[in-house]
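> 3D, please:
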Amino acid sequence: SAGSAVVIYWNMHSGALLPPGQTPPTDGDVRGGILADEMGLGKSVEVLALVLAHPRPPPAAPSLAAAASGQGEPAERGGEEERGCFCGHTPRFETSSMVQCDLCRRWVHVGCAGFGSDAEAEAAEHYTCLTCVSDAGVRSPAACGATLLVCPAAILSQWREEVQKHVGSHSNRDSAGRGGR
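Coordinates of the predicted model:
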């Protein structure tokens, strides 16, 4: 009919035209991409802005709460051998105060368990060792809201500087690990 326009979408990068009636993908349909600008044009700032613009929603409830409070299933340990503290000493030869994990029954030094004093350990209703809490996390991982940024070790200090410069107080913490080769 007279006066009606036909809309055709053109992808300037590939040169492709979408036929009339088809629409290009919306933001919800596109996952991932490539950011390949020349050096110094702000790729780091764009990535940081994207991360801050789309934060992960906070988890509804911590999945480790049951394990951390001493509730839940005992971790599978296999065998009845006496397992000592994480520091390597066994309870049989210890003279310092120790606490026992409610789940796996491992004995751990009060200090190694994270208590500040014997009195604090005695006041605690439950204690779950790091191994049992870690095992519970493997069985029921929890969303944490963190963003994983993978980069070569050679530019790690540059990324840290960019985060401090452009994000500043919004950045809670960072941690660097070295991956396999």
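
> what's the neighbour count on the nearest residue to residue 115 once chain neighbours are set aside?
The shortest distance from residue 115 to any residue other than its chain neighbours is 4.1 Å, reached at residue 121 (Cβ to Cβ, 6 or more residues apart in numbering). (Each C-beta comes from the backbone N, C-alpha and C, glycine too.) Neighbour count for residue 121, taken as other Cβ atoms under 10 Å: 19.

> Would you agree residue 121 is in contact with residue 112?
No - in this structure, residue 121 is not within contact of residue 112 by Cβ atoms under 8 Å, at 10.8 Å.

> pLDDT averaged over the helix or strand hosting the residue nearest to residue 115, what's the number?
Per DSSP states H and E: residue 121 is located in helix 118-123. Mean per-residue pLDDT for helix 118-123: 90.

> Stretch 57-64 now?
54.

> just to revisit the earlier point, for the residue nearest to residue 115, give me its contacts.
Each residue near residue 121 by Cβ atoms under 8 Å, 6 or more residues apart in numbering is listed here: 97, 99, 110, 113, 115, 127.

> Can you report how many residues neighbour the residue lying closest to the fourth one once chain neighbours are set aside?
In this case it means residue 113. Once flanking residues are discounted, residue 113 sits nearest to residue 99: 5.1 Å by Cβ to Cβ, 6+ apart. Residue 99 has 22 neighbours, counted by other Cβ under 10 Å.

> these two touch, right, residue 99 and residue 105?
No - using Cβ under 8 Å, residue 99 is not in contact with residue 105; the gap is 11.1 Å.

> How about residue 35: what's its closest non-neighbour residue?
Distances taken as Cβ to Cβ, 6+ apart put residue 43 closest to residue 35, at 5.2 Å, once the chain neighbours are dropped.
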